[in-house]
Every structure is written in structure tokens, then in C-alpha cells.
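Chemist: whatever this is, show me its structure:
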Amino acid sequence: MAKAVEGKFPNKTVTVIIRSDGPMIFCGDSPTYRSVRLELTDAQVAALELKYVGEAGPIVYHETISQMFIEPLEG
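Modeler: Predicted coordinates for the structure are as follows:
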């Protein structure tokens, strides 16, 4: 019997890490970070589905998220 090939869905939560270089620029200190957790809708989770790539032995491979960009507001 053939195995079903499916994508891999992400969790419904995305965590964004935001970095401030202010301490580094103005005080020669280390940058600071904060995190923001965002809840995804079902449509957003489906859009981010990681597609099946293939298998090597017992390991199943899916696409991976390489980078993510937050687009700035217009204007």
C-alpha cells in the first residue's frame, strides 16, 4: 500500500524576535531583544504549509523556512 504524501503544517503561533541596536549605537553595549507572539488564522497556517520533498530511509524531508521578512508600512 502506498504511503500518503502530505505537507507539514506549522504551529498556529509565530514568534518574531525584534532586535534593537540602540544600546550598541549609543552606548557601545550589546543589542537588546524582545519577542512578540502572533496567532495565525487557519488560512495563514495553510499558506505556510511546508511541502513534502522526499524520503531517505526512515527520514521524511519537508521544505524549511529559510528567512522571513516583515514588510514595512507604505507611506
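
Chemist: low-confidence bits of this structure, can you list those?
Modeler: Scanning the chain for pLDDT under 70 picks out the ranges 1-5.

Chemist: can you give me the helices in it?
Modeler: Assigned by DSSP state H, the chain shows helices spanning 22-27, 42-47.

Chemist: adding distance to Tyr33 and mean neighbour count, write the ones you listed out as JSON lines.
Modeler: In this view, the C-beta of every residue, glycine as well, is placed from N, C-alpha and C. Shown next, in JSON lines, are the helices of the chain (distance: least, CB to CB, whole Å; neighbours: other CB atoms under 10 Å):
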{"stretch": "helix 22-27", "distance to Tyr33": "11", "mean neighbour count": "10"}
{"stretch": "helix 42-47", "distance to Tyr33": "24", "mean neighbour count": "11"}
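
Chemist: make TSV out of the ones you listed and add distance to Val14.
Modeler: As requested, those are arranged in TSV below (distance: least, CB to CB, whole Å):
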stretch	distance to Val14
helix 22-27	25
helix 42-47	8
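
Chemist: ok, Pro10 to His62 distance?
Modeler: Separation of Pro10 from His62 (CB to CB, to the nearest Å): 10 Å.

Chemist: list residues touching both of these two?
Modeler: Leu50 (CB atoms under 8 Å, 6 or more residues apart in numbering).

Chemist: out of the helices of the chain, which comes closest to Val16?
Modeler: Ranking the helices of the chain by distance to Val16, with CB to CB as the measure, places helix 42-47 first at 13.7 Å.

Chemist: for that closest one, C-alpha coordinates in PDB please.
Modeler: Coordinates of each C-alpha in helix 42-47 appear next as PDB, following Å, rounded to 0.1, in the frame of the first residue of the first chain:
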ATOM      1  CA  ASP A  42      -6.300  28.700   9.700                       C
ATOM      2  CA  ALA A  43      -5.800  30.200   6.200                       C
ATOM      3  CA  GLN A  44      -2.400  31.600   7.200                       C
ATOM      4  CA  VAL A  45      -1.400  28.100   8.600                       C
ATOM      5  CA  ALA A  46      -2.400  26.500   5.300                       C
ATOM      6  CA  ALA A  47      -0.500  29.100   3.300                       C
END
